[in-house]
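**Student:** Quick one, structure for this:
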Amino acid sequence: FDPLLIESKTAATVVLMLNSPEEEVLVKACEALYKFASKGDENKLTLLGLGAVEHLCKLISHEDPIVRRNAITVLGTMASNHDVKKLLRELDVTNSLISQLAPEEDVVIHEFATLCLAHMAVEYTTKVQIFEQGGLEPLIRLLGSPDPDVKKNSVECVYLLVQDFQSHAAVRAQNVIPPLLELLKCEYPVIQLLALKTLEVISKDRETRIILGENTGFDCLVKILETNEFSDLHVEALAVLGNCLEDVHTLQLIQQTGGLKKLLSFVGVSTVPDIQKNAAKAITKAAYDSENRKILNEEEVEKCLINLLEIDNDGVKVAASQAISVMSENLASKRAFGLQGIPQLVHLLSSDNEEVKEAAVTALANLTPASPSNASAVAEADGIEPLVNTLHAQRDGAIANAAKVLTNLATQEPFRVNIQGHGIMTVLAETLRSTNSQVQSKAALAVAAFGCDADARTELRNAGGLGPLVELLHSKNEEVRKNACSAVTVCASDEETAVELCRLGALDILEEINQSTSRKNKFSEGALEKLLDNNLPQKYSRMGYLSSSNIITDGFYDCGQIKHGVKFLSLEELSMQDLTDRQAIIFINAKPQEDSRFLTHDHMQQNCNCPSMFSIYSPNTCCYYNLDFRYYSILNKCIGFYVRKGKGKKEEEKMKEVPQIKVQDEINLEDSHWLPPPDHILIDYINGASRTILPLSTTREQVVALAQFVADKMGGPIEKDKLHDFDWKLHIGEIEFELKCNVVPIGKIKKGTFYHRALLFKVIADRIGVGCSLVRGDYNRAWNEVELVDHPPKGIAGLLLPPKKYIVDLMFNPGFLIKQGSAAADQYKHI
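**Tutor:** Numbering: from 1, shown residues only. This next block holds a predicted model:
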């Protein structure tokens, strides 16, 4: 057949020529398609649509080397297109491409085969195929190719392959480190850059770092940093060194060769933010190991990091602050930062960048624990106000660490007082409402730190912080619950706060926690105990027991045993209830009233039905209140005990008919704090006991005398067989009817049974310093337990015997001491 010269002007025609059996036609067709594809992505898509890829994939395995070469150049060029890569994966062409990497193949084939693989290796599935089909070995071999394009494509492909962690071991097995280090000496920056990026990835493995050290890789990296011409490689070189610094052995090796000193010196003189930032990150990685921290401290890394805090770049400040946070685990470094770095960190708290603010306050949070000098440095740098302001930050990490720093400062009283002057409890009241568990935990811990002062507890109470604190007891986070329990323990140090916590449900929650074996801990137990110890009315009502250390003070009341889940009412709430047939509430108040804080004479009128009672009409509540003037002080001051009586027009008209009586102090009823009236009879009891019983020489004599004293005031001794004739209930009922109220002062009781006498004994004993406990039994029983030391046997002088517990008989033989645990004691409790 005579030769035929054809001139084609359409790609479709040329694609058809790829089916030709003639090598020369195939060669020229591939050449034409290569030129066409090189002009842009649109042409590559055109060829894809004409089916060129399928033909080319067959031709890369053609027996003619020139056809193979030209076909693979077209594929390598087209593979940069996403759709072409997708089709190549579907055609499973990787095995054919890998086969073209044989040493005997033409360098052009190597170039475009590696180029095609590099384009395809971006996808994870292709990485797996290359690895499984043995592509790693020829690619690493080609790192030593004399052709720079082959080197570039091969190292890029290796870099993409090592992104998969599983290939790291295989790369090490192929001894990839020496050829990569050789590439660092290459004259082409793009090849050096890819080699460094590959080293950065694989040097995250300790085994690779060891091999790198054995091949003097650290020296190569340090030389790059020392060479100004390689400034575009400094960031990546630092990243590799940063990985290498994690190992103690590697860091020691770098230190011994002077590389570490050179590294820190390089960072000190560099003005490139990325270099400074990466250097700080490298130090952070290394500092996670305690031995590394010692080495870094020996090289005075603290000076380098402090200088980085001054750099006008937020990324550098963040990285430096994070490095300081980790280095502060070393005590010598912590001291060094305290001398120089703390003022800079405090200054960063005012940054507009929230990430900078968080990093700085985190560093301070790590510098101040168990370091009074560093805490002082924070305060001296005027750090208290910005720290309190940081509690309003946008990032939870900043808020949590600010609370931590303030807690650390609170260990020193002058700083604690200073911080309180900035309204810390008001801010913490809001912080406790956070939904972040770390913020909740640190805020609760801060409340525990500052709650030791009464003014701080008052501030927290007034700011509404007790409510969210109690809610944290419900947290499923163990640390949050623990710190919330600690805060409750501290805040319950005064009665008013303890009562408020109980009102908010803290007592019920803590009881529930302590019933759970998984949630109960020493903090929850301590919180419950402290809460009850400072709210004795509720403790006695719930637990039925007051120890000798539970001192009954004015305002205590006994409302009987209440069932679990029933709301515990305050004395004021109980006093406002109508008279019922329920058991009387016995209250204690032996504090003389200094002034009248209850009445205005405009609202007082004498009650015609009861000469000793005066009625007060409150226009704000439209209610009448009764005032018993049998509680009238010597100073002619009006002391009132209020009971809601009712309201109505007829009663109001009736009150207008009676003459008004003047009262000395005019204080508005609604604006005053409710207080129970003083019990003058109880005051006389205490004064009498102080005069007659306190001077007695031994505790035993005091106990016996006090028992007889109490029994005498409560109806005297009662014979056992006539106990049922002792009509104490009628007597109590008469008092309640007289007072028009269920709340009864203990001094008015002249016929008292077991629990009345035991309560009075405990009240007076606490006032005169006689230790005793109060125990509630069943069926209106209660008794006092005392610990007394018996006299040693005759003839044995100086022998100290352990104290024994006794129950004090207040009913049948007042003053008789019944040994605890005896049959007589059981009989006394259960008669």
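
**Student:** Can you give me the domain assignment for the protein?
**Tutor:** 423-534, 585-590+676-830 (the TED database).

**Student:** Most tightly packed of these?
**Tutor:** Comparing those by mean neighbour count (mean count of other Cβ atoms under 10 Å), domain 423-534 ranks first with a mean of 20. All C-beta atoms are positioned from the backbone trio N, CA, C, and that covers glycine.

**Student:** how far does it stretch from start to finish?
**Tutor:** In domain 423-534, first residue to last residue: 26 Å (Cα to Cα, to the nearest Å).

**Student:** can you pull out the strands in this structure?
**Tutor:** Secondary structure of the chain by DSSP state E: the strands cover 545-546, 557-558, 585-587, 604-606, 613-618, 623-628, 644-646, 743-745, 773-776, 782-788, 804-808, 817-819.

**Student:** the bottom helix or strand of this protein by mean pLDDT?
**Tutor:** strand 644-646 (a mean of 37; mean pLDDT, DSSP states H and E).

**Student:** Show me where the stretch 701-831 of the chain dips below the pLDDT cut-off.
**Tutor:** The stretch 701-831 of the chain contains residues with pLDDT under 70 at 792-799, 831.

**Student:** Would you map the helices across it?
**Tutor:** 728-739, 754-768, 823-830 (DSSP state H, counting those that start in this stretch).

**Student:** Quick one: closest of these to residue 525.
**Tutor:** Of all the helices of the stretch 701-831 of the chain, helix 754-768 sits nearest to residue 525, with 24.7 Å by Cβ to Cβ.

**Student:** which helices and strands sit right next to the closest one?
**Tutor:** Counting contacts by 3 or more Cβ pairs under 8 Å, 6 or more residues apart in numbering; DSSP states H and E, helix 754-768 packs against helix 680-692, helix 699-713, strand 773-776, strand 782-788.

**Student:** rewinding a little: out of the helices of the stretch 701-831 of the chain, the one nearest residue 384 is which?
**Tutor:** Closest approach to residue 384 among the helices of the stretch 701-831 of the chain is made by helix 754-768 (42.2 Å; Cβ to Cβ).

**Student:** Now that closest one - C-alpha only, PDB.
**Tutor:** Taking Å, rounded to 0.1, in the frame of the first residue of the first chain, the C-alpha atoms of helix 754-768 are listed here in PDB:
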ATOM      1  CA  PHE A 754     -38.700  14.000 127.900                       C
ATOM      2  CA  TYR A 755     -38.000  16.000 124.800                       C
ATOM      3  CA  HIS A 756     -38.800  19.300 126.400                       C
ATOM      4  CA  ARG A 757     -36.400  18.600 129.300                       C
ATOM      5  CA  ALA A 758     -33.700  17.200 127.100                       C
ATOM      6  CA  LEU A 759     -33.800  20.300 124.900                       C
ATOM      7  CA  LEU A 760     -33.700  22.700 127.900                       C
ATOM      8  CA  PHE A 761     -30.800  20.700 129.400                       C
ATOM      9  CA  LYS A 762     -28.900  21.000 126.100                       C
ATOM     10  CA  VAL A 763     -29.600  24.700 125.800                       C
ATOM     11  CA  ILE A 764     -28.300  25.600 129.200                       C
ATOM     12  CA  ALA A 765     -25.400  23.100 129.100                       C
ATOM     13  CA  ASP A 766     -24.200  24.700 125.900                       C
ATOM     14  CA  ARG A 767     -24.400  28.200 127.500                       C
ATOM     15  CA  ILE A 768     -22.400  27.200 130.700                       C
END
